[in-house]
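# next one to model:
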Amino acid sequence: MKVFISHAEADEELAKRIADTLQNAGLEVWDHRREILPGDNWADKVAQALRESNAMVVLLTPAALHSSWVRREIEYALGQKTYSKRLIPVLVGPPEEISEDDVPWILRYLNMIRLTKPEQKKNLKEITEALLAVAEA
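Modelled structure (predicted):
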């Protein structure tokens, strides 16, 4: 399974930690730092990665919820059969930081993972377990 992590630029550090955790569990994670080279058309590279991936972890932070690119990536995944039951929304931070009204309506109907303390590695285990469970299905 190849996993695409949708996140805002401000959440790069957390996305990297999640990617490392997933890779350590044996999952393949698309990494823009490795895949997009100087001079590449980054929008084309992201589109290619979305086509080649079959699971998505979307980090829902205040920055991501206001990112048009994150919304486009979510819309793409929701429209593809390969992502069926493989879109894992992750609310990041304390509940009072993110209003339910800010979360795209369709994601409110999916079972979300909440990372109240994203700095703790044990919280990242739930994301890995969710992806491994859908990989076996």
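
# hey, let's count contacts and neighbours off CA atoms from now on
Will do.

# work out for me the element the spatially closest residue to residue 32 that is not a sequence neighbour sits within.
Leaving aside its sequence neighbours, residue 32 sits nearest to residue 46 (C-alpha to C-alpha, 6 or more residues apart in numbering; 7.8 Å). Per DSSP states H and E: residue 46 is located in helix 42-52.

# mind listing the helices for this structure?
For the chain, the helices defined by DSSP state H occupy 12-24, 32-35, 42-52, 62-65, 68-78, 121-136.

# show me what counts as buried in the worst-scoring helix or strand of the chain on mean pLDDT.
The weakest-scoring helix or strand in the chain, judged by mean pLDDT, DSSP states H and E, is helix 32-35 (a mean of 83). Within helix 32-35, no residue is scored as buried using 16 or more other C-alpha atoms under 10 Å.

# where does the protein dip in pLDDT?
Residue ranges of the chain with pLDDT under 70: 118-120, 137.

# quick check: most distant residue from the centroid of it.
Distance from the centre of the chain peaks at residue 39, with 25.2 Å (C-alpha atoms, centre = their mean).

# was I right about residue 112 contacting residue 86?
No - contact criterion C-alpha atoms under 8 Å: residue 112 and residue 86 do not qualify, at 11.8 Å.

# between the two, which one's more packed in?
A count of neighbours by other C-alpha atoms under 10 Å puts residue 86 above the other of residue 112 and residue 86, at 20 against 15.

# no further questions, thank you.
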